[in-house]
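[1] build me a structure from this.
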Amino acid sequence: MMPPWNHRRVATPSLVLWDIDRTLLTVGPLGREIHAAAFEAVVGRPLGERADTTGRTERAILRDTLRLNGVAVDEAVLSALYTAMGLAAERLKARMRQIGEPMPGARAAVASLADHVGLPSGTVVQSVVTGNLRSVAAAKLRALGLTEHLDLTIGGYGDDDGDRAVLVRQAVKRAEAAYDLTFEPARTVVIGDTPHDVKGARDAGVRAVGVTTGATTAAGLAAVGADAVLADLTDLDALYSAVLGVGPAERRA
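    Residues are numbered from 1 along each chain as shown. Presented below is the predicted three-dimensional model:
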């Protein structure tokens, strides 16, 4: 477990890294549509079987999907798929707005953390660590109005690597370079709904907060090392306690 919070310490900045799908938002069946459109555009035939996507990085998903469909895996094909997926996501933004939705409390949670930069925890920088490609992540978040308080120029994305721990380390590196700050491991928090999110954070040496808005139970998230588990993002007191170690009185001061 990470060291307990100490509210008497000198304020230090915090880095909050959000997972996207089933943590901040859902776009329903459009994830498969993006894959199908990109696969057909690049490979020249309809997508058959798609690899498991839950909590995985896009690089890993696409590599396995190509193998399942008898297509040789190489960097040129992956790069072409990345481009085609970004274009497909942009074309589908109107439908994302129609059938997609933020997860309960997500918009208020992100906005609230951004509004409380003067807390004892110090400055809060927010970005994402997601298995989505950078282009697809941006399209989803913009479509559902969740970009205002998230810095998408930093973060870790599914086209960076196949290992979520690498994505976390990349997000920290980018944030420190962009903000000229040092984010201590105990003040860097990944929030996500799958064991992959939690394991990626733990393997990178930072804190993990699980949310049970996906398919994994609280017990399942705790079992892989989550420092705290929330039912969803609607309870801001619980969110602040889990993420920043701030109690209700401090949050409302």
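[2] what's the pLDDT at Ala72?
    pLDDT for Ala72: 96.
[3] so it, which of the three states?
    Following DSSP: H, G, I helix; E, B strand; the rest coil, Ala72 is assigned to coil.
[4] could I get the contacting residues of it?
    By CB atoms under 8 Å, 6 or more residues apart in numbering, Ala72 lies in contact with Leu66. The C-beta positions use only the backbone N, C-alpha and C, and glycine is treated the same way.
[5] now Leu15: closest residue in space that isn't a chain neighbour?
    Distance criterion CB to CB, 6 or more residues apart in numbering; nearest residue to Leu15, sequence neighbours excluded, is Phe183 at 4.1 Å.
[6] give me phi/psi at the one you found?
    phi -100, psi 110 (degrees, to the nearest 10).
[7] burial measure for it, as a count.
    23 (other CB atoms under 10 Å).
[8] how much space between it and Ala72?
    Phe183 is 40 Å from Ala72, where distance means CB to CB, to the nearest Å.
[9] now do the same contact list for Asp52.
    Here Asp52 is in contact with 61, 64 (criterion: CB under 8 Å, 6+ apart).
[10] over to Ala139?
    86, 89-90, 92-93, 96.
[11] next structured bit after the host helix or strand of it?
    Using DSSP states H and E, Ala139 maps to helix 134-143. As assigned by DSSP H and E, the chain's next helix or strand after helix 134-143 is helix 164-179.
[12] and that following helix, what's buried?
    Of the residues in helix 164-179, 164-172, 174-176 count as buried by neighbour count, 16 or more other CB atoms under 10 Å.
[13] averaged pLDDT, stretch 206-216. What do you get?
    pLDDT averaged over stretch 206-216 gives 97.
[14] same check, this time on stretch 173-187
    On average, stretch 173-187 scores 95.
[15] list of residues touching that stretch?
    2-3, 12-15, 121, 123, 125, 127, 151, 153-156, 172, 205-207.
[16] need the CA coordinates for that stretch. PDB is fine.
    Extracted C-alpha coordinates of stretch 173-187, given in PDB (Å, rounded to 0.1, in the frame of the first residue of the first chain):
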ATOM      1  CA  LYS A 173       6.600  12.200 -17.900                       C
ATOM      2  CA  ARG A 174       4.500  14.400 -20.200                       C
ATOM      3  CA  ALA A 175       2.800  16.200 -17.400                       C
ATOM      4  CA  GLU A 176       6.100  17.000 -15.600                       C
ATOM      5  CA  ALA A 177       7.600  18.400 -18.800                       C
ATOM      6  CA  ALA A 178       4.500  20.400 -19.700                       C
ATOM      7  CA  TYR A 179       3.900  21.900 -16.200                       C
ATOM      8  CA  ASP A 180       7.500  22.000 -14.900                       C
ATOM      9  CA  LEU A 181       6.400  20.200 -11.800                       C
ATOM     10  CA  THR A 182       7.300  16.900 -10.000                       C
ATOM     11  CA  PHE A 183       4.400  14.700  -9.300                       C
ATOM     12  CA  GLU A 184       5.200  12.300  -6.500                       C
ATOM     13  CA  PRO A 185       4.000   8.700  -6.800                       C
ATOM     14  CA  ALA A 186       1.800   9.200  -3.800                       C
ATOM     15  CA  ARG A 187       0.200  12.200  -5.400                       C
END
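[17] who's in contact with Pro29?
    Ile99.
[18] how many neighbours does the residue lying closest to Val128 once chain neighbours are set aside have?
    Closest residue in space to Val128, ignoring its immediate chain neighbours: Gly155 at 4.4 Å, by CB to CB, 6+ apart. Close neighbours of Gly155, defined as other CB under 10 Å, add up to 25.
[19] residue contacts, Gly247?
    237, 240-241.
[20] the helix holding Ala139 - what's its average pLDDT?
    97.
[21] secondary structure element for Gly200?
    Using DSSP H and E, Gly200 falls in helix 195-203.
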